[in-house]
Every structure is written in structure tokens, then in C-alpha cells.
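> I'd like to go over a predicted model; first the sequence, then the structure.
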Amino acid sequence: MDMLKTVIRLALRGLLAYKARSLLTMLGIIIGIGAVIVMISVGRGANASIQKQINDLGANMLMVYAGSSKQGGVRGGYGSKPTLRARDAQAIARECPAVSEVTHITLQTAQVVAGEKNWNTTVYGTTASYPVVRDWLIKEGEFLTDQHLRSASNVAVLGATVVQNLFQPGETVVGRKIRIRNVPFTIIGVLAPKGSDPRGKDQDNTLFVPYTTFSRKLHGRRLPGVVHVICLSARSKLLVNEAKREVEELLRQKHRIPPGAEDDFSVRALDEYAQMADKTMDIMTILLTSVAAISLVVGGIGIMNIMLVSVTERTREIGIRMAVGARERDVLIQFLTEAMTMSVLGGIFGTLLGVGAAKVIGMVTGWMSPIDVDAILLATLFSAGVGVFFGYYPARQASRMDLIEALRYE
Amino acid sequence: MTVPVIRFEGVTRIYPMEGETVEALRGIDLEIQRGEFMAIMGPSGSGKSTMMHIAGLLDTLTQGSYELEGEDVSSLSKNQRADIRNRRIGFIFQSFNLLARCSALENVELPMLYHRPGVMDRRERAMAALEAVGMADRAHHLPRQLSGGQQQRMAVARALVNRPALILADEPTGNLDTRTGREIIKLLGSLHEQGITVVLVTHDPEIGRSVRRRIVLRDGLMETDEVG
């Protein structure tokens, strides 16, 4: 222990004696470890931000899309065939115990006019429980009620982006009149801003009306009771799969789909998005980690190179040490310690650099970039490992040196 | 009868050199008793440095046998030889052979770093050794801040610090002026008076005359061995 302390002290003194050389040698490790730290923390930050966006869509939410149409051999996308109806949503609410709330939407883009301003947005025909399923707060006024639905009232609730584009800041919005496709509506509420969804679509650029009003007065195709998407939330995160199964069973039965035939709808849980995001993240992590690993190997080779030079330069010193009683192992340990000191110091500088860079990136992107203790620990261990691995060969050269020749070395 | 510190019997050392072999030592018989002060002399190439290296277990012999304090050390492993050098032999070299980046104190501590089991009072003992060579006030100087004579004193302190039975000095005055050289010889003489066996290699006849016994080597053979 005592000897190790002395050896480390001497190693540090040696590094300080050649500051520029030591720093350049450590640079590979510094960059490698810095990159690892940045990658881990930014990766986790990005992932956390994606997960948060997904969660913001609504807690434990499931979406039921209408099936794809088939004309000749050409298949349309999800929702291209009008197979979902409002009564399907009502049946789910009644018969699926794992489901807590159900709503459905029918949507269409439309030009909206308020006074002298106009704006193109997506109009949603939906039900009273939509904000509950989506976990969406009302900022002013109220959302659509069952009363509005029953009487197919001309009332609308606006998203933040729509308000921004149709009214002056600070203007009272609730109670004002707008025209959607020339049909007059009264604004009864404004939603709190929700931001972009995981695909980057602005969720606040929307406007909500009762689906009954939507299908009677706005929808061109006039297919009574047809809806585009049914949204529902499971009672808990654990019941998401259970809810999915129940809904699939119920809809197959209601749509009279024989066993073995293809569903005319599809149920997607939001955690599928989350898993997809995770997978993308994993691939990125593997990619970036291999880049970091390459840089660590290059850094290690740099250390090996300098250690070999150092062993040659210090041949005389090695001879002296051996003459006064250093055994092979003592010399080996000394040079290994020096290589490790260099790589661990590089690791520490790299960690500081990485933490700093991650903070800056976090500030610029607005991601929370957590700096994990385990990442730092891993980096330190890794750099020590690089030191041992690449320091071993030079250290062995030193320990195998011929004593008499070493003492004569000029 | 006392056991000699060094006992050579037919010690031969052959070096392979560019296809040929060089016989540096060709069968040396020699006994050095405890407490002797002795010089090995001879022209360059006579084998005196080789003899010193073999006596100091820095080098191995090709033929013959070597007993150090009664123990056969002719065929020890590298590590065993390192241990013996560390505990029982002190070295003084012509070119001092100090660690340039270490202070006088650290240089003197160096052999204790490899002493097993570890010495607890390392600093104290190093200071005592520096004191013994009159260098206590230079303990924290680096070698390059000291004169040649002072550096050699440092080396003597390092040779002394593990309390060896034998001190081997290879041309200890070779890099020093005459006056400083004499002081170093005087210092070695005082170690001899304390009962340490001192063997030095020199080609300076004046130094040869100042010790009690001298042997002269020529072409790897012992030419003379005279006392007085």
C-alpha cells in the first residue's frame, strides 16, 4: 500500500514533468470518455423527453382505428374504410371492464372564420369524455357536455394555436362567435396548450365540436354514426393489454368477424410508441457507444505508444531500480500504475468534459439530461481498464530489461 | 573459522558477442573476509567490472561457484538475486546513478521501497544515512542541484541504508576531481572502520595504495593479490 502510494506520487510527478506530452497522450481517453458520458446522458434525456410526449397523449391510452379498405388489390391505410361507429364506442364503455373512459373522434380540416381573421385547422367531432381520455386540461370555459351532444348544439372548444391565430392576445374568447364552413358556432371553452405529439404534429391546432353536430352540419359524406378513431383509457397501466384484448374481442363479435378472418379495425396501445422509441434509442446507443469505444481504443494505443517511449527513455532509471532490489514485478507494477494514472486522469477530465457538454446540450435542446453516477463509474472503470490493457505491454518490456545493459544505457 | 563474505571458485564469465565469445573472466579463485577494505585493479578490459557485477549479483556467472556469506548464490532466480542485492549489498557507481526527478531523501529511500517486509521508519533511516555521509542539510535537493561529490555522497547513503554486509563501489571517484575523490575514499574508509566490507574497482594507483589489499586482473585472470 505504502509502495503503491509512492508509485502513484512518482507517476503523477512524471506526468507533471511533461505536461504537454501527458495531456496529448490523455486526449484520446478524454475524448472517448467524454463522448461516452455525453451519449449516455443525452440519449437518456432524449428518451425521457419522447416518453414524456407519449405520456402526455393521455394516460394508459389505447386507440382503435378503422380497418383498411381494399379495392381490387389496392389496400388503403388504417381508417380508410368506415367500419367504426359511435355505437361501437358506446358498447366498449358498457361491456369492457378494463376500460375506464371511452371517446371517439371524427375529423376533417376546415376553414374557420372569426371576424376578419380566418385559419385552417382540423375540426374534431367528439364526445364529452375526450379531455378525460387525453388528460387534457380546460383553460377557460368548459368542454362539450352530454347536453350539447344530445341537442347537436353549435358550440366549439378551441385549441391554443387556433385561439392564437384567430384572436388578439388577451382578448376574451369564450362566448364569441366563429364560422366553420359558414356554419356559426359559439365558443364555450379553450384548452390548455399541449404541445407536439411524438410525430411532431401540433396538437393545439385543433377545434372540437359535438360529434352529432359534426356529422349533421359539417361532414360532407354524411355517413351517420361513422367515426374515425375510438380513443379509450385502461383503468391502469397494468390493464392496458387486458383492455386491448377485451376491445378486440368485443369488436370482432359486434362486427361479426368469423374466427380466422382479418380484423376490420386495429387497436394500438400508446406504449407501442414508447417501445418503438426505446428501440430507436437502443440502436442509437449501440452506434454511438461503438464510436466511443473506437476512440477509447485509439486513446489506449496513444498511451501505449508514449509508455513505450517512456520505458526506453528511462532505461537507466529501470536499471538503477533493479540494482537496488526492484524485482520484475515491482517494475511492472510501476509502469502499469503510470499508464493507469494517465488513463484514469484522462477519464476524470473526460467525465468533466462530458458532464459539461451534456449540460450545454440539455440547455440548448431543453431535454433533461440526467448525469448518472453509474455512467461516471463505468467511464472511470473503463478508462482504468484501458490503462491496464494498453500499459501492460510497455510495462512488461520494462520489467524484462537486461540489468547490466540498462545500467550502461546513456 | 569465520565464513568469508565472498568466495569465488573458478568463476568464469563468457559473453556471446557478434558470433564470437568473449571470456571476461577465466576462472577466478578469491576469498574476501568480513571487514576487508579491498581494491580490484587492472587495465580496462581486464574483467574488473564484470567481477564487480558478478560479486554484486547484477550479472550471472557462466562457470564456477560463488558463495556470499557462506550461501551458494551461483544459480539463483532473478527475483532471489534482486532480494539479496536489496538486503545485503550496497552499490556505488562511477556515474552516481541517482534518480534525477527524486530528492536526495527519496533517492536514499529507494532501496527500502523494495525491502520486504516493508520498513516502517523509512524516512528516519534515510535521514540517518544522509547524516552519516554529512548530507542531512541537502535532504530535499534534487541531484542536479548538488555537486558531483555531494551526489556521490548521496549514493553512498543509498548504499548504506539497508545496512548491507558488503558495499561494492565501481570506480567511485572516476567522475570526481582528485580532492573530492579522496574525500569519497575517506568516507568509504570510515565505513570499513565501522566493520562493513568494502570492495572498490579502480584504476587509480594512489587509491590502490590507500587500501589494505588489492588484486590486479589482466585478461580475465588474477595477476597479483597483495596485502599491505
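Cool, got the structure.

> Buried residues of the longest strand belonging to chain A, list them for me.
Criterion DSSP state E: the longest strand present in chain A is strand A:99-114. For strand A:99-114, burial by neighbour count (16 or more other Cβ atoms under 10 Å in any protein chain shown) applies to A:99-108, A:110, A:112-114. C-beta coordinates here come from the backbone N, C-alpha and C atoms, glycine included.

> can you tell me which of the residues you listed lies nearest to chain B?
Using Cβ to the nearest Cβ, A:S100 comes nearest to chain B of these, at 71.9 Å.

> so after the helix or strand harbouring B:A128, what's the next helix or strand?
With the criterion set as DSSP states H and E, the secondary-structure element containing B:A128 is helix B:122-132. In the C-terminal direction, the helix or strand that comes right after helix B:122-132 (DSSP H and E) is helix B:148-160.

> ok, residues contacting that following helix?
Helix B:148-160 has contacts (Cβ atoms under 8 Å, 6 or more residues apart in numbering or on different chains) with A:324, B:90-93, B:96-98, B:104, B:107-108, B:110-111, B:126, B:129-130, B:132-135, B:138, B:143, B:146, B:167, B:169, B:172, B:175-177, B:180, B:183-184, B:187-188, B:191, B:196.

> Might you specify the subset of those residues located within strands?
Taking DSSP E as the definition of strands, the contacts of helix B:148-160 contribute B:G90, B:F91, B:I92, B:I167, B:A169.

> which ones are touching the closest residue to the fourth one other than its chain neighbours?
What sits nearest to B:I167 in space, not counting adjacent residues and going by Cβ to Cβ, 6 or more residues apart in numbering or on different chains, is B:G90, at 4.3 Å. For B:G90, the contacting residues are B:R158, B:A159, B:L160, B:V161, B:N162, B:P164, B:L166, B:I167, B:L168, by Cβ under 8 Å, 6+ apart.

> Tell me how far B:G90 lies from A:I320.
Here the distance between B:G90 and A:I320 works out to 13 Å (Cβ to Cβ, to the nearest Å).

> could you pull out the helices for the stretch 101-250 of chain A?
Here the stretch 101-250 of chain A has its helices, by DSSP state H, counting those that start in this stretch, at A:130-134, A:146-150, A:160-166, A:211-213, A:240-254.

> For chain B, find the nearest of these.
The closest of those to chain B is helix A:240-254. By Cβ to the nearest Cβ, the value is 64.6 Å.

> and that closest one, what does it pack onto?
The criterion is 3 or more Cβ pairs under 8 Å, 6 or more residues apart in numbering or on different chains; DSSP states H and E, and the helices and strands that helix A:240-254 contacts are strand A:61-66, helix A:86-95, strand A:99-114, strand A:229-234, strand A:265-269.

> how far off strand A:229-234 does it point, in degrees?
Compare the direction of helix A:240-254 with that of strand A:229-234 by axes from the mean of the first three to the mean of the last three Cα atoms, to 10 degrees and you get 140 degrees.

> ok and helix A:240-254 relative to strand A:265-269, angle-wise?
Helix A:240-254 runs at 170 degrees relative to strand A:265-269, counting by the same axes, to 10 degrees.

> Show me what counts as buried in helix A:240-254.
Along helix A:240-254, these residues count as buried under the neighbour rule (16+ other Cβ under 10 Å): A:V240, A:E242, A:A243, A:K244, A:E246, A:V247, A:E248, A:L250, A:L251, A:R252.

> show me the contacts for the fifth one.
Applying Cβ under 8 Å, 6+ apart to A:E246 gives the contacts A:E95, A:C96, A:P97, A:A98, A:V99.

> what about 6 Å?
A:C96, A:A98 (Cβ atoms under 6 Å, 6 or more residues apart in numbering or on different chains).

> just the first one next, same as before
By Cβ under 6 Å, 6+ apart, A:V240 lies in contact with A:N60, A:A234, A:A269.

> hmm, try it at 8 Å
By Cβ under 8 Å, 6+ apart, the contact set of A:V240 is A:N60, A:L62, A:A234, A:A269, A:D271.

> so what pLDDT did it get?
With respect to pLDDT, A:V240 has a value of 84.

> Skipping adjacent residues, who's closest to it in space?
Spatial nearest neighbour of A:V240, chain neighbours left out: A:A234 (4.6 Å); criterion: Cβ to Cβ, 6+ apart.

> so that neighbour makes contact with A:E101?
No: contact criterion Cβ atoms under 8 Å: A:A234 and A:E101 do not qualify, at 9.4 Å.

> Tell me, how many residues neighbour the nearest residue to B:S103 once chain neighbours are set aside?
Take B:S103 and drop its neighbours on the chain: the residue closest to it by Cβ to Cβ, 6+ apart is B:H140, 5.0 Å away. By other Cβ atoms under 10 Å in any protein chain shown, 10 other residues sit near B:H140.

> go on, A:R268?
As a burial measure, A:R268 scores 15 neighbours (other Cβ under 10 Å).
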